[in-house]
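Peer 1: Build the 3D model from these lines:
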Amino acid sequence: MSQPTPGRFVWHDLMTTDREASKAFYADLLGWSYETWKPGELDYPMLDAGGGPFGGMVPLDPGHGIPCNWQGYVHVADLDAALAHVPAAGGTVFVGATPIPEVGRFAVVGDPTGAAVSLMQPAGALPPEAPPTPGSVAWHELQSTDLAAAAPFYVDVLGWAFREQPVGEIVYGMFSADGTDVAGGITFPPGVEAPSHWLTYFHVEDVDAALARAAELGATTLWGPLDVEGIGRMAGLLDPLGAVFAVFRAAMA
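Peer 2: Residues are numbered from 1 along each chain as shown. This is a model prediction of the structure:
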């Protein structure tokens with residue numbers, strides 16, 4: 001295991017209007033356990049899929065009109081320098097540089113097509129990257145109304161490299177940091193009307209069984225399951241409170 005380098009997704013928040021309901025859903029479906037950070041002060045439930053905390057749950061006021069959502073945090077070496085690139089790259093700063101005591105500083109930005117992502121400059125060393133386990137994060141994918149318009153933003157702001165490559169029957173966008181692929185991207189096919197967003201994939205041992213159980217727990221299948229040769233089997237879901245996520249099983253070697 002190695003120390004995460006800038007450009008990698010290093011944390012994940014579920015913004016939810018009902019943390020207890022979300023905790024019960026994901027614990028049942030993905031086997032997560034929870035530990036509250038700063039109980040009585042922040043009451044921030046941290047998510048653990050067996051390899052250590054990888055995210056948390058943040059209360060979302062339903063009166064704000066923002067749907068429940070997953071928010072990924074990308075490690076940046078210099079938050080102020082990254083934010084300085086946002087306007088010229090056609091993006092928007094939704095939440096400016098904000099300190100989190102003992103953790104570091106973060107900001108939330110939007111790309112030119114409206115997809116939101118968080119940037120994080122940690123105060124100290126980050127935990128080493130854990131090997132994949134059922135329930136852990138598998139992948140991040142920008143689902144965009146216009147990937148060609150969005151991709152240069154991430155190159156400018158995060159220093160990612162971008163290339164296009166065939167994956168199955170589509171041409172897939174791939175973002176990399178220091179030569180390592182860190183995220184993908186697609187443009188919505190014709191007929192799909194949805195806002196641009198970042199989609200978080202989670203490892204499962206059986207995609208079809210996960211879909212069946214998710215339905216029993218009140219979730220909705222949005223797409224799939226589908227197989228991509230050499231990659232794996234996957235499907236997109238809407239959790240019972242409205243957050244979009246995906247499940248994934250890698251193809252057998």
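Peer 1: Next one: Gly230, what pLDDT does it get?
Peer 2: What the model reports as pLDDT for Gly230 is 89.
Peer 1: now Arg213
Peer 2: What the model reports as pLDDT for Arg213 is 98.
Peer 1: Setting aside sequence neighbours, what's the nearest residue to it?
Peer 2: Closest residue in space to Arg213, ignoring its immediate chain neighbours: Leu29 at 5.8 Å, by Cβ to Cβ, 6 or more residues apart in numbering. All C-beta atoms are positioned from the backbone trio N, CA, C, and that covers glycine.
Peer 1: Would you check how far apart that neighbour and Leu79 are?
Peer 2: To Leu79, Leu29 is 34 Å away according to Cβ to Cβ, to the nearest Å.
Peer 1: which one of those two has more residues nearby?
Peer 2: Leu29 (22 against 19; other Cβ atoms under 10 Å).
Peer 1: which residues touch that one?
Peer 2: By Cβ atoms under 8 Å, 6 or more residues apart in numbering, the contact list for Leu29 reads 210, 213-214, 217, 219.
Peer 1: could you pull out the helices for the stretch 101-250 of the chain?
Peer 2: Assigned helices in the stretch 101-250 of the chain, in chain order: 147-158, 207-216 (criterion: DSSP state H, counting those that start in this stretch).
Peer 1: what stretches of the stretch 51-200 of the chain score poorly on pLDDT?
Peer 2: Applying pLDDT under 70 to the stretch 51-200 of the chain flags no residue at all.
Peer 1: And the strands in it?
Peer 2: Under the criterion DSSP state E, counting those that start in this stretch, the stretch 51-200 of the chain carries strands at the ranges 53-59, 69-75, 92-100, 104-110, 116-122, 137-144, 161-167, 170-177, 180-187, 197-203.
Peer 1: can you tell me which of the ones you listed comes nearest to Pro6?
Peer 2: Checking the strands of the stretch 51-200 of the chain against Pro6 by Cβ to Cβ gives strand 69-75 as the closest, at 5.1 Å.
Peer 1: Note down every partner strand of the closest one and its orientation.
Peer 2: Strand 69-75 pairs in its sheet with strand 9-16 (antiparallel), strand 116-122 (parallel), by DSSP bridges.
Peer 1: now these as CSV including distance to Asn69 and mean neighbour count?
Peer 2: As requested, those are exported to CSV (distance: least, Cβ to Cβ, whole Å; neighbours: other Cβ atoms under 10 Å):
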stretch, distance to Asn69, mean neighbour count
strand 9-16, 5, 22
strand 116-122, 8, 22
